[in-house]
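>>> What shape does this take:
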Amino acid sequence: MPGYGDSPPAETVATVQGRVAFLDHVLQELGMQRPVLVSPSMSGRFVLPFLLAQGDRLAGFVSIAPVGTKDYTAEQYQRVQTPTLILYGDRDTRLGSQALQSLRHLPGHRVAVVPDAGHACYLDKPEDFHRALLGFLHQLK
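Numbering: from 1, shown residues only. Next up is the predicted model:
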């Protein structure tokens, strides 16, 4: 993502609308139709506004303790009809529980907690993480 890791910052993603447009462009360039977006941590700044603006284009959404969940209201989340998995490690007591408090307003969500895992639950307990992720993906229509 622009501005994260070793990538340079980009003026085009400085706004919420710019981040939605960026992600829309990436999905179009990849030719993806009805993808499932998986959003760990900092990617929440891109994926959450996209979910709220264009969630109907997604087959599903997997939230892994993303940042930015408090930036939106319960009413905004309640309008989203995208099937959602809220996934986090039980030792991620900050972002995991914070994301759950906000994202629980998404209709049709389910929650999976990875035991003995921290914020990067996919690294701490990859087998448990993949079991939860694959279970969610298999139940999508």
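
>>> so where's this structure shaky on pLDDT?
Judged against pLDDT under 70, the chain has no low-scoring part.

>>> Could I get the full set of helices for this structure?
Taking DSSP state H as the criterion, the chain carries its helices at 16-29, 44-54, 74-78, 95-103, 121-124, 126-139.

>>> so which of the ones you listed is the most packed in?
Of all the helices of the chain, helix 44-54 has the most neighbours on average by mean count of other CB atoms under 10 Å, namely a mean of 22. All C-beta atoms are positioned from the backbone trio N, CA, C, and that covers glycine.

>>> CA-only coordinates of it in CSV, if you can.
Taking Å, rounded to 0.1, in the frame of the first residue of the first chain, the C-alpha atoms of helix 44-54 are listed here in CSV:
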residue,chain,number,x,y,z
GLY,A,44,-8.0,-1.1,7.2
ARG,A,45,-7.4,2.5,6.1
PHE,A,46,-8.0,1.4,2.6
VAL,A,47,-10.4,-1.5,2.9
LEU,A,48,-12.9,-0.1,5.4
PRO,A,49,-13.9,2.9,3.3
PHE,A,50,-14.1,0.7,0.3
LEU,A,51,-16.3,-1.7,2.1
LEU,A,52,-18.6,1.1,3.2
ALA,A,53,-18.7,2.7,-0.3
GLN,A,54,-18.6,-0.4,-2.6
